[in-house]
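Sharing a model that was predicted from the sequence below.
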Amino acid sequence: MSSTERSLNGVGLGLRWEFLEEVLAAPELGLAFWEICPENYMHRGGYYPYALGRIAEREPVVTHGLTLSIGGSEPAPLDYLHELRDEIRRVGAPWHSDHLCFGNAGPRMLHELLPLKQSSANAQRAAERLRRARDVLGVPVLVENITWYAHPGRREMPEADFITEVVERAETGLLLDVNNVWVNAQNHGFEPRAFIRALPLDRVRQIHVAGHTRTPSGLILDTHGEKVVDPVIDLLGFTLEHTGPMPVLLERDNQVPELPELLDEVGRLRAAYDRAMTRREAPLARSA
């Protein structure tokens, strides 16, 4: 792990164009870092890349992608990886992350994060894709657990084992989305803390939290369009007690409120973060 990776801890926020001007005007917002979707800036000139460059000069920025299609049948095109590499370098991101899923059918992008069959063959292919992406991008590539609503065919292993096999084969890090764990646990009937304990927590490099929406049928959708609920914040605290200090990112991609409201929510997460660190350090203090 690089020195930048070790030092980038605390609570950050996804950078949205809706409040870009406010961020530029008020650089001291108390955030540990920003996260961007680089696909929104690739192939784009003019004001938005310029503004992002100004922010990246003064505050850490990490990149989180949507189109790597780690589990796809075809590897990501080299020209895409080269363009992504250039954007990562431009903002100085210490790592890049994307989802453990597939999102394309041949050359056609589906604009969905679709689940993979949880099998050893798929784990091996995803790991090969991650290693290739890391070699081309020149930075560590983290893989994120996704929400899924139906499993494609008979699974060969539990989801936690599948994730573990991918990151161990790829020798890479895990972006642990706590909200995704909680949503899947409610929809599929498992205990979220047991699931987190089953993951390779020594490979966690970043954590995501977000809000979700409950449909009239009772199904919960990972919409990133609501505030983070208390059970997810509690699960975040539990996770941090086991991982130690981590960069934690608040995602809000739909029904984006005003920036002060988002900063209030960051404050709630920061308080949960601090409480978790206090609980983690208490046994060490008693034994000293």
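Perfect, thanks for sending it.

use CA for all of it now, contacts and neighbours both
Fine.

buried ones in the helix or strand that contains Asp234?
Asp234 belongs to helix 230-243 when assigned by DSSP states H and E. Neighbour-count burial for helix 230-243, counted by 16 or more other CA atoms under 10 Å, picks out 232-241, 243.

want to throw those residues into JSON lines with distance to Leu78 and pLDDT?
Below are those laid out as JSON lines (distance: CA to CA, whole Å; pLDDT from 0 to 100):
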{"residue": "Val232", "distance to Leu78": "38", "pLDDT": "97"}
{"residue": "Ile233", "distance to Leu78": "39", "pLDDT": "98"}
{"residue": "Asp234", "distance to Leu78": "41", "pLDDT": "98"}
{"residue": "Leu235", "distance to Leu78": "38", "pLDDT": "98"}
{"residue": "Leu236", "distance to Leu78": "36", "pLDDT": "98"}
{"residue": "Gly237", "distance to Leu78": "39", "pLDDT": "98"}
{"residue": "Phe238", "distance to Leu78": "40", "pLDDT": "98"}
{"residue": "Thr239", "distance to Leu78": "36", "pLDDT": "98"}
{"residue": "Leu240", "distance to Leu78": "36", "pLDDT": "98"}
{"residue": "Glu241", "distance to Leu78": "40", "pLDDT": "97"}
{"residue": "Thr243", "distance to Leu78": "34", "pLDDT": "97"}
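
just for the stretch 151-288 of the chain, where's the confidence low?
284-288 (pLDDT under 70).

And the helices in the stretch 101-250 of the chain?
For the stretch 101-250 of the chain, the helices defined by DSSP state H, counting those that start in this stretch cover 120-137, 159-170, 178-188, 192-197, 230-243.

who does the nearest residue to Val61 once chain neighbours are set aside bridge with?
Spatial nearest neighbour of Val61, excluding adjacent residues (CA to CA, 6 or more residues apart in numbering): Trp34 at 4.8 Å. Assessed by DSSP bridges, Trp34 has beta-bridge partners Leu13, Val61.

shouldn't Trp34 be in contact with Arg58?
No - the pair Trp34 / Arg58 is not scored as a contact, 10.9 Å apart, by CA atoms under 8 Å.

Between those two, point out the one with more neighbours.
Here Trp34 and Arg58 are compared on neighbour count by other CA atoms under 10 Å; more neighbours surround Trp34, at 21 against 10.

contacting residues around that one?
12-15, 59-62 (CA atoms under 8 Å, 6 or more residues apart in numbering).

tell me which residues in whichever strand or helix holds Val266 are buried?
Per DSSP H and E: Val266 is located in helix 259-287. By neighbour count with 16+ other CA under 10 Å, helix 259-287 contains the buried residues 262-263, 265-266, 269-270, 272-273, 276-277, 280.

Next, the buried residues of stretch 38-58.
Residues of stretch 38-58 classed as buried: 38-39, 49, 52, 55-56 (neighbour count, 16+ other CA under 10 Å).

out of those residues, who's nearest Arg134?
Pro38 (15.8 Å; CA to CA).

before we move on, the earlier item: quick one: closest of the helices of the stretch 101-250 of the chain to Thr213.
helix 178-188 (9.5 Å).

Can you spell out which helices and strands pack onto that closest one?
Secondary-structure packing of helix 178-188 (3 or more CA pairs under 8 Å, 6 or more residues apart in numbering; DSSP states H and E): helix 192-197, strand 204-209, strand 220-221, helix 230-243.

possible to save these as CSV with distance to Ser69?
What follows is those, written out as CSV (distance: least, CA to CA, whole Å):
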stretch, distance to Ser69
helix 192-197, 24
strand 204-209, 19
strand 220-221, 21
helix 230-243, 27
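
Just give me the least confident of the buried residues of stretch 38-58.
Across the buried residues of stretch 38-58, the member with the lowest pLDDT is Pro49, scoring 89.
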